[in-house]
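# my questions concern the predicted model and sequence given below.
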Amino acid sequence: MDLNPSRYRRSDKKTRNGFLFMDVKAVATKPDIDFKDPNWKKHFQEDWDRRFNLPHLTDILDLKPRPTTFSLKKRQSIPVNHLGSPKNIDGASNDRRNDYVYNDDRALLKIKLNRHLLHLQVSKLKVRPEIMVIKYSSPNSAGAECIDPDCSWVEQWVHRAGPRKQIYFEPDEVKAGIVTCGGLCPGLNDVIRQIVFTLEKYGVQRIVGIPFGYRGFFEEGLEEILLSRRVVQNINLQGGSLLGVSRGGPNIREIVDNIQARGIDMLFVLGGNGTHAGANAIHNECGKRRMKVSVVCVPKTIDNDILLMDKTFGFDTAVEEAQRAINSAYIEAHSAYHGIGLVKLMGRDSGFIAMHASLSSGQIDICLIPEVPFALEGPYGVLRHLEHLIQTKGHAVVCVAEGAGQDFLQKSNATDASGNVVLSDIGVHIQHKIKKHFKDIGVPADVKYIDPTYMIRACRANASDAILCTVLGQNAVHGAFAGFSGITTGICNTHYVYLPIPEVIRSPRPKQWLEELANPEQQYFSRKSHIIGWKELNIRFLQACQVEKVYGMRNIDLFFRWSEEHGIAGKKSRILANIDVVSLDAKKKSATSPFSFDPNQTSKRRVRRGSDPIHNRWSEEHGIAGKKSRILANIDVVSLDAKKKSATSPFSFDPNQTSKRRVRRGSDPIHNRC
Ligand SMILES: Nc1ncnc2c1ncn2[C@@H]1O[C@H](COP(=O)(O)OP(=O)(O)OP(=O)(O)O)[C@@H](O)[C@H]1O
Ligand SMILES: O=P(O)(O)OC[C@H]1O[C@](O)(CO)[C@@H](O)[C@@H]1O
């Protein structure tokens, strides 16, 4: 049984300069497991161990280790016992104090098990004692995932990161290089700084920065930058990269020629998927030439789309910054008559930033991400939902990831220097569509478009990212000294680990989630359970992507739309129904009061709607019949216009308007937030 069908194929990538990259290209394949084979689990785990085995310099070179020069002990005060005398430290406790990690130390990445059997009754479990270890109703509770029909345990262990007791380099002979590639990311300087600090702790004296990414290896006039504790001491206080970044660059052979010429023994590469692919190719080429060079990556991307990682540094900061833009859009929208705020956030292939910023801000009504196709027009389209939001709330805020809805736009086929497709501007497109739509239906709408693109990444790392960067930078150096090469370091399932590069560039991370979406067992995407559906979908998204645990959902109307045409696996079903429209349709039929309990409505909202004539609008054609329904009252555009003109309208100029507003705001905690 071959559990490891060739996952990688060679691919040539042409840059603007005409250089070719020869490298592995991600090809996602599912392991072909024959569950009827009684030994499948053994094979699976053997395959896993082989895949996640860390490439080591001794795989190609005959090297002898030496005791490490890294010790935390030097900087610690001598431990004393309760009488104040120095403690008797034996070898073992000394190791522990130095935090050495042994090569056979593993961190549990995930447990795979079959979800189906978890729902079977205890009687069945008795027959299969090995699955009784999971005591909870949902496999998610145990952070596990099912693969086999019998739901047995299959652990996935990966190598723990940290300093080893034995190292494979003489520190005073080492020349170490650091390079930062791809786009900017908060925290690059923090990682550079920690790498330099840690190298110096080992005793390395020759540390250089390669300027402007892989370009620095060949572009004339780009000199390497000498690095030391003194140089990097305060660089973490600034955003950007001390070394500069770039896309594109020379081919792998040229880079390795240059590494050889410079005499670099350790190369620390900070970057995203493309950078990792490049680093892996450099590692392979060094191996072919039997060079003793350790290539270690630190995953960097605000997009957070690197496989297996809980999160990549810079992501947290980007989300935090994105929230500021969302808040501005919210303030604009909320303060305008029929205000619609539109925020475009980065995320070429993934919606992590958009999704997290939307969830954390609590101010987003519609979140559109590349992973989920959506319709703009039609009864389940975004525009129709916006209409509804304007009618019911009086304002709306939309967040769109830059890679979302590219189907609507004309493709230029242009690529950047790294070969990444240059996307068309979905934000501008949606903005035009919204304006046109509201003009066409004769409803005024005040659309404000905010594009904070570079602002969310051109900034200093926040506290949480700074901590992550510190640990990752240190572990990168420990990995290199331990003799590993062609590895990356990250935080996976809350553990700091080392992973072989090919495993993290196998496919972009959101694909995992799309696979989940396509699972027909997931009933919560059906129309009936639409309210559970959208919440569940968000939680699923986060869990599937192994981001931080989600303890509860904010009370927001975040949703995804699935166009009728799209459907998954040929089904013409909307995966996720329009929560508001569908639920309101249901309300229409049952003629229940809009004040009846709705888990999506806070008490704040009830107060606001009841006391705020501005929001008490509902068009005849959409609306709920019934005079009692003050919230969903007549929002006929003509009458609205009339209201606007009349002196009693809250929208007309009125010297008392401010006091009215104060009254409104006073009674409305939502407005008070502004
Ligand atoms: N398949 C590949 N093989 C070799 N090198 C590559 C490959 N893809 C990209 N690179 C190189 O890696 C560097 C960074 O790639 P890219 O611009 O795609 O950014 P990235 O690492 O994916 O980061 P970001 O998340 O910012 O996009 C570039 O210099 C590019 O030339
Ligand atoms: O404009 P640049 O520098 O190419 O960077 C844009 C890209 O960077 C990323 O944030 C990745 O870092 C993408 O989401 C985005 O498309």
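Arrived safely. Ligands and ions are numbered 1, 2, ... in the order given.
# quick check, Phe44 in a strand?
No. Counting by DSSP: H, G, I helix; E, B strand; the rest coil, Phe44 falls outside a strand, being helix.
# now do it, the pLDDT please.
pLDDT recorded at Phe44 is 84.
# cool, Val663 as well?
For Val663, pLDDT reads 32.
# shaky segments in the stretch 451-600 of the chain?
Within the stretch 451-600 of the chain, the stretches with pLDDT under 70 are 508-600.
# residue of it nearest ligand 1, please.
Closest approach between the stretch 451-600 of the chain and ligand 1, counting by CB to the nearest ligand atom: Ile505, at 8.3 Å. In this view, the C-beta of every residue, glycine as well, is placed from N, C-alpha and C.
# so what's Ala325 up against?
Val343, Leu345, Ile450, Pro452, Met455, Ile456 (CB atoms under 8 Å, 6 or more residues apart in numbering).
# please tell me how far the residue of the stretch 451-600 of the chain closest to ligand 1 sits from Tyr498.
Ile505 sits 15 Å away from Tyr498 when distances are taken as CB to CB, to the nearest Å.
# for Pro370, same thing?
Counting by CB to CB, the gap from Pro370 to Tyr498 is 30 Å.
# go on, Asn327?
For Asn327 relative to Tyr498 (CB to CB), the value is 39 Å.
# the more surrounded of the two?
When Asn327 and Tyr498 are compared for neighbours, Tyr498 comes out ahead with 25 against 19, by other CB atoms under 10 Å.
# ok so that one is a strand residue?
Yes. Assessed with three-state DSSP, Tyr498 lies in a strand.
# show me what counts as buried in stretch 311-330.
Buried residues in stretch 311-330, counted by 16 or more other CB atoms under 10 Å: 311-323, 325-327, 329-330.
# swap in stretch 191-203?
Judged by neighbour count using 16+ other CB under 10 Å, the buried positions of stretch 191-203 are Val191, Ile192, Arg193, Gln194, Ile195, Val196, Phe197, Thr198, Leu199, Glu200, Lys201, Tyr202.
# avg pLDDT for it?
98.
# going forward, count from 165.
Understood, numbering begins at 165; the last thing we discussed is stretch 355-367.
# now what about it, what contacts it?
232-234, 331, 335-336, 338, 340, 342, 344, 371, 373, 391-393, 395-397, 399-400, 405-407, 430, 432, 434, 462, 464, 477, 633-634, 636-638, 640-642, 645.
# from those, list just the buried residues.
Buried subset of the contacts of stretch 355-367 (neighbour count, 16+ other CB under 10 Å): 232-234, 331, 335, 338, 340, 342, 344, 371, 373, 391, 395-396, 399-400, 405-407, 430, 432, 434, 462, 464, 477, 633-634, 636-638, 640-642, 645.
# out of these, which are inside helices?
Counted as lying in helices by DSSP state H, out of the buried ones among the contacts of stretch 355-367, are Val395, Val396, Cys633, Thr634, Leu636, Gly637, Gln638, Ala640, Val641, His642, Phe645.
# is it true that the third one touches Ala625?
Read that as Cys633. Yes. Between Cys633 and Ala625 there is a contact under CB atoms under 8 Å: 6.1 Å.
# shouldn't Lys329 be in contact with Asp269?
No. With contacts counted by CB under 8 Å, Lys329 stays clear of Asp269, the gap being 11.4 Å.
# which bits of the stretch 265-414 of the chain sit near ligand 1?
Neighbours of ligand 1 within the stretch 265-414 of the chain, by CB under 6 Å from any ligand atom: Cys345, Gly346, Gly347, Gly377, Tyr378, Arg411, Gly412, Gly413.
# let me know how buried the fourth one is, in neighbour terms.
For Gly377, the count of nearby residues is 27 (other CB under 10 Å).
# next one: the third one
A count of nearby residues for Gly347, using other CB under 10 Å, gives 23.
# quick check, it in contact with Arg621.
Yes. Proximity of Gly347 to Arg621 meets the contact threshold set by CB under 8 Å, at 6.8 Å.
# give me the common contacts of the two.
Counting by CB under 8 Å, 6+ apart, the residues touching both Gly347 and Arg621 are Ile466.
# quick one: contacts for the residue lying closest to Gly478 once chain neighbours are set aside?
Leaving out its chain neighbours, the residue that sits closest to Gly478 by CB to CB, 6 or more residues apart in numbering is Cys349, at 3.7 Å. Taking CB under 8 Å, 6+ apart, we find Cys349 in contact with Lys464, Thr465, Ile466, Phe477, Gly478, Ala482, Arg621.
# nearest spatial neighbour of the fourth one, skipping sequence neighbours?
Put plainly, it is Phe477. That would be Gly351: by CB to CB, 6+ apart, it lies 4.1 Å from Phe477.
# just to revisit the earlier point, and the residue nearest to Gly478, backbone torsions?
Cys349 adopts backbone torsions of phi -160, psi 130, taken as degrees, to the nearest 10.
# is stretch 330-350 anywhere near ligand 2?
Yes. Stretch 330-350 reaches ligand 2 (CB under 6 Å from any ligand atom) through Gly346, Gly347.
# and if you look at stretch 471-482?
No. Contact of stretch 471-482 with ligand 2 (CB under 6 Å from any ligand atom) is absent, the minimum separation being 8.1 Å.
# how much space between His220 and Gly427?
With distances taken as CB to CB, His220 is found 21 Å from Gly427.
# and those two? Which one has more around it.
Remark: of His220 and Gly427, His220 carries more neighbours, 18 against 12, as counted by other CB under 10 Å.
# pLDDT score for that one?
With respect to pLDDT, His220 scores 98.
# how close does it sit to Phe376?
For His220, the distance to Phe376 - CB to CB - is 30 Å.
# with distance to ligand 2 added, can I get the ones in helices among the buried ones among the contacts of stretch 355-367 in a markdown table?
Output for these, formatted as a markdown table (distance: CB to the nearest ligand atom, whole Å):
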| residue | distance to ligand 2 |
| --- | --- |
| Val395 | 25 |
| Val396 | 23 |
| Cys633 | 16 |
| Thr634 | 21 |
| Leu636 | 17 |
| Gly637 | 19 |
| Gln638 | 24 |
| Ala640 | 19 |
| Val641 | 24 |
| His642 | 26 |
| Phe645 | 29 |
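# okay if I get those residues as CSV plus distance to Thr658?
Formatted as CSV, those follow (distance: CB to CB, whole Å):
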residue, distance to Thr658
Val395, 33
Val396, 28
Cys633, 17
Thr634, 16
Leu636, 14
Gly637, 19
Gln638, 17
Ala640, 19
Val641, 22
His642, 19
Phe645, 24
